[in-house]
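>>> Following is a predicted model, sequence given first.
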Amino acid sequence: MMERDDEQMRSLLKQAMPPMADEEPQRDLWPAMRARMTARPALPHWFDWALACSVLGFALAFPAAIPILLYCM
């Protein structure tokens with residue numbers, strides 16, 4: 001019974017995912033990825049400063065939370 005179920009599952013998977021005809025990509029993807037990564041930063045620089053200031057402000061307002069902030073880093 002289990003072998004029949006396995007064969008049925010295997011045939012269903014083969015039907016759902018036919019074999020790929022072309023295993024190689026049509027072109028090299030690395031130059032496009034490098035251009036996209038260097039085009040612009042993921043977040044603006046002001047966001048880094050705003051985040052740092054907010055963490056510092058939180059630490060000044062709640063000094064007991066400093067160990068928690070250090071643990072999260």
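Received it, and whenever you're ready, just let me know what you need.
>>> so where is the protein shaky, pLDDT-wise?
Low-confidence regions of the chain, defined here as pLDDT under 70, cover residues 1, 42.
>>> now with 50?
Across the chain, not a single residue meets the criterion (pLDDT under 50).
>>> Helices of that one, start to end?
Using DSSP state H, the helices assigned to the chain run over residues 2-16, 30-39, 45-61, 66-72.
>>> Which one of those helices lies nearest to E24?
Distances from E24 to each of the helices of the chain were compared by CB to CB, and the smallest falls on helix 30-39, at 14.0 Å. Where C-beta positions appear, they are placed from N, C-alpha and C, glycine not excepted.
>>> possible to save the helices of the chain as a markdown table with mean neighbour count?
Formatted as a markdown table, the helices of the chain follow (neighbours: other CB atoms under 10 Å):
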| stretch | mean neighbour count |
| --- | --- |
| helix 2-16 | 9 |
| helix 30-39 | 9 |
| helix 45-61 | 11 |
| helix 66-72 | 10 |
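>>> TSV for these, including distance to E24?
Formatted as TSV, the helices of the chain follow (distance: least, CB to CB, whole Å):
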stretch	distance to E24
helix 2-16	22
helix 30-39	14
helix 45-61	39
helix 66-72	43
